[in-house]
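Asker: Next comes the sequence, and after it the predicted model I'd like to discuss.
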There are 2 protein chains.
Amino acid sequence: MKVFIIGSGNVATHIALRLKSADVEIAGIYSKTLENAKALADKIGVPYTNDKSAIPNADIYICSVKDDYIADVLTGASINKESLLVHTAGSVNMDILKPFSNNIGVLYPMQTFSKAKTLDWNEIPLYIEANTDNNINKLTLFAKELSPKINFATSEQRKVIHLAAVFACNFTNELYAIAHRLMTENGLPFESLFPLMEETLAKAKLMPPVKAQTGPAARNDVKVMTMQQELLNGTDKEIYKLLSKAIQRECMMYDV
Amino acid sequence: MKVFIIGSGNVATHIALRLKSADVEIAGIYSKTLENAKALADKIGVPYTNDKSAIPNADIYICSVKDDYIADVLTGASINKESLLVHTAGSVNMDILKPFSNNIGVLYPMQTFSKAKTLDWNEIPLYIEANTDNNINKLTLFAKELSPKINFATSEQRKVIHLAAVFACNFTNELYAIAHRLMTENGLPFESLFPLMEETLAKAKLMPPVKAQTGPAARNDVKVMTMQQELLNGTDKEIYKLLSKAIQRECMMYDV
């Protein structure tokens, strides 16, 4: 099974490194920026190109680029239409690949990838989809090289999963970023919040998060909320107001 | 050292249980609701009352009630003015206690407390403050019975710490609650988000969160953001828009 990787971003990089360590044959890396293609290809000792008409034959093409760019990058690329072509995006319909191959699928690893940090692939849930039973079998077999946690999801289900992931990861991380900024700007150690962040997550794993809610909004401590808003400006203040309102609505909705 | 606890909520309960296990003498529990006072007092085998004029003498009074209610509950309470009176609130100035004792302080445990879940007190950072050196010494000695992680913070610093905690805990938990709702309403398992939530936290502990940001807003994937908004309504949609904007601003601010 020979794999070609289109893309050189965070997800492409982590997939390439995992495949390399699993001894899967990688035919090469494409990126429109030659130095990015080279940087990743050199890490795993494979050929690279920034000429999409020169993409070599492969059994599986993995297209892992910015969602909005998938159709663009594949247009004019030399893809063998009998091979399996998959993308790795949470919110992009599988059908976007139809013009480019007869055998298409999706391999969405639900995780936040940063180049600077290694990951335990065995813990990453994969959501897969393909256009035929045969391709599902082929993709399942291949996906096992990445993670044992393989799930099936339609494009519609995957959209919900990705949306939930944006709340649980990207938006959560923005709140961490604001907390980090508030602490460091006032000469206070961000690290002292870690036990609290860990406990918040630990509780969410034990009970529905709405039942674990605490703090001024959940208690309707009006004076504290007013005072805390006065310490904030701009977008931070808007976020404070909106999320406090959301907490109160969520707690009412579930009568906790 | 004899302690009396005013309050029977989550924080009062966790403090009482911890003091009990550390063999600290507890003179009793007050709550305006007799059954709440009894429920907590029975857990630790101490007297209880809902009559604040009958609060017995103690070396330390811990007032752990809803922030807006601190002054109310202490008004008319039989507090020995020579004893140490502390509250446990993040955002309430120490001076609120001045009318009620000559010896005042704050003991703020920065953690999210739920009655249903036990906690490792050794990992909870305590922020303390008192009105004299003598009271700081007394409070430090007492606080060691709760946790070894003792820090000093003025009322102004504690306000910032509490505000950061609201973002890192309460608001984060609301995002978890939305993710939980999106998944379960669509018959998808919330548990599959756990590795992502864990990795998001693990990265925040390794690097400034703004540098770890991923997802549609950070990549400016406009089509995905538009599509994801269309899957949402009401407050969820407002949160999506505002936090996406915040991510883009945060990333620009730090040039990541």
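Answerer: That came through fine. Not measured: the values here are computed from a predicted model. Residues are numbered from 1 along each chain as shown, chains lettered A, B, ... in the order given.

Asker: Just the pLDDT for the residue nearest to residue A:116 when sequence neighbours are not counted.
Answerer: Closest residue in space to residue A:116, ignoring its immediate chain neighbours: residue B:207 at 6.8 Å, by C-beta to C-beta, 6 or more residues apart in numbering or on different chains. For glycine as for every other residue, the C-beta is placed from the backbone atoms N, C-alpha and C. Residue B:207 is assigned a pLDDT of 94 by the prediction.

Asker: Then the one 3 residues further on?
Answerer: Here, the pLDDT recorded for residue B:210 equals 94.

Asker: Ok, the one 10 residues further on next?
Answerer: On pLDDT, residue B:220 comes in at 90.

Asker: Residue A:31 contacts residue A:55, correct?
Answerer: No - Residue A:31 is beyond contact range of residue A:55, at 11.3 Å (criterion: C-beta atoms under 8 Å).

Asker: Show me which helix runs longest in chain A.
Answerer: Looking across chain A with DSSP state H, the single longest helix is helix A:234-253.

Asker: starting at the chain centroid, how far to that helix?
Answerer: Averaged C-alpha coordinates place helix A:234-253 at 26 Å from its chain's average position (C-alpha atoms, centre = their mean, to the nearest Å).

Asker: Give me the contact list for that helix.
Answerer: With contact meaning C-beta atoms under 8 Å, 6 or more residues apart in numbering or on different chains, helix A:234-253 is reached by A:175, A:178, A:210, A:213, A:215-218, A:220, A:225, A:228-229, A:232, B:166-167, B:170-171, B:174, B:177-178, B:235-236, B:238-239, B:242-243, B:245-246, B:249.

Asker: try stretch A:137-147
Answerer: Stretch A:137-147 has contacts (C-beta under 8 Å, 6+ apart) with A:1, A:3, A:15, A:18-19, A:22, A:24, A:60, A:84, A:86, A:103, A:105, A:107, A:109, A:121-126, A:128, A:130, A:150.

Asker: Quick one: distance of it to the chain centre.
Answerer: Counting by C-alpha atoms, centre = their mean, stretch A:137-147 comes out at 18 Å from the chain centroid.

Asker: what stretches of chain A score poorly on pLDDT?
Answerer: Applying pLDDT under 70 to chain A flags the ranges A:255-256.

Asker: Find the nearest non-adjacent residue to residue A:191, please.
Answerer: Leaving aside its sequence neighbours, residue A:191 sits nearest to residue B:205 (C-beta to C-beta, 6+ apart; 7.8 Å).

Asker: Then the one you found would be within a helix, right?
Answerer: Yes - under DSSP: H, G, I helix; E, B strand; the rest coil, residue B:205 sits within a helix.

Asker: Give me the neighbour count for it.
Answerer: Close neighbours of residue B:205, defined as other C-beta atoms under 10 Å in any protein chain shown, add up to 15.

Asker: and the residue of the stretch 51-200 of chain A found nearest chain B, what does it touch?
Answerer: As assessed by C-beta to the nearest C-beta, chain B sits closest to residue A:170 within the stretch 51-200 of chain A, at 3.4 Å. With contact set as C-beta under 8 Å, 6+ apart, residue A:170 has these partners: A:112, B:213, B:214, B:215, B:216, B:217, B:218, B:243, B:247.

Asker: now do 7 Å
Answerer: Shown in contact with residue A:170 (C-beta atoms under 7 Å, 6 or more residues apart in numbering or on different chains): B:213, B:214, B:215, B:217, B:218, B:247.

Asker: Could you dump the residues you listed into CSV and include secondary structure, neighbour count and distance to residue A:46?
Answerer: Formatted as CSV, those follow (DSSP: H, G, I helix; E, B strand; the rest coil; neighbours: other C-beta atoms under 10 Å in any protein chain shown; distance: C-beta to C-beta, whole Å):
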residue, secondary structure, neighbour count, distance to residue A:46
B:213, coil, 26, 29
B:214, coil, 21, 25
B:215, coil, 22, 28
B:217, helix, 27, 32
B:218, helix, 19, 28
B:247, helix, 25, 33
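
Asker: Looking at these, which is nearest chain A?
Answerer: If you rank the contacts of residue A:170 by distance to chain A using C-beta to the nearest C-beta, residue B:215 comes first, at 3.4 Å.

Asker: could you check the angle helix B:234-253 makes with the longest helix of chain A?
Answerer: Counting by axes from the mean of the first three to the mean of the last three C-alpha atoms, to 10 degrees, helix A:234-253 lies at 150 degrees to helix B:234-253.

Asker: quick one: buried residues of helix A:234-253?
Answerer: A:235-236, A:238-240, A:242-244, A:246-248, A:250-251 (16 or more other C-beta atoms under 10 Å in any protein chain shown).

Asker: repeat for stretch A:32-49
Answerer: Buried positions in stretch A:32-49, judged by neighbour count with 16+ other C-beta under 10 Å: A:32, A:36, A:37, A:38, A:39, A:40, A:41, A:44, A:46, A:48, A:49.

Asker: Kindly report the same for stretch A:126-141.
Answerer: For stretch A:126-141, burial by neighbour count (16+ other C-beta under 10 Å) applies to A:126, A:127, A:128, A:129, A:130, A:131, A:135, A:138, A:139, A:140.

Asker: can you check stretch A:152-159 too?
Answerer: Under the neighbour-count criterion of 16+ other C-beta under 10 Å, stretch A:152-159 has A:153, A:155, A:157, A:158, A:159 buried.

Asker: Within reach of chain B, which of the buried residues of stretch A:32-49 are there?
Answerer: Residues of these in contact with chain B (C-beta under 7 Å from any C-beta of the partner chain): none.

Asker: Quick check: the two most widely separated of those?
Answerer: Greatest spacing in those, by C-beta to C-beta: A:32 and A:44 (19.2 Å).

Asker: Could you verify my assumption that residue A:65 touches residue A:74?
Answerer: No - judged on C-beta atoms under 7 Å, residue A:65 makes no contact with residue A:74 at a distance of 9.1 Å.

Asker: Mutual contacts of these two, please.
Answerer: Joint contacts of residue A:65 and residue A:74 (C-beta under 7 Å, 6+ apart) do not exist.

Asker: tell me, how many neighbours does residue A:55 end up with?
Answerer: A count of neighbours around residue A:55, defined by other C-beta under 10 Å, yields 21.

Asker: what number of residues lie near the nearest residue to it once chain neighbours are set aside?
Answerer: Nearest non-adjacent residue to residue A:55, counting by C-beta to C-beta, 6+ apart: residue A:78, 4.8 Å away. Residue A:78 has 14 neighbours, counted by other C-beta under 10 Å.

Asker: what residues are up against residue A:78?
Answerer: So residue A:78 contacts A:52, A:53, A:54, A:55 (C-beta under 7 Å, 6+ apart).
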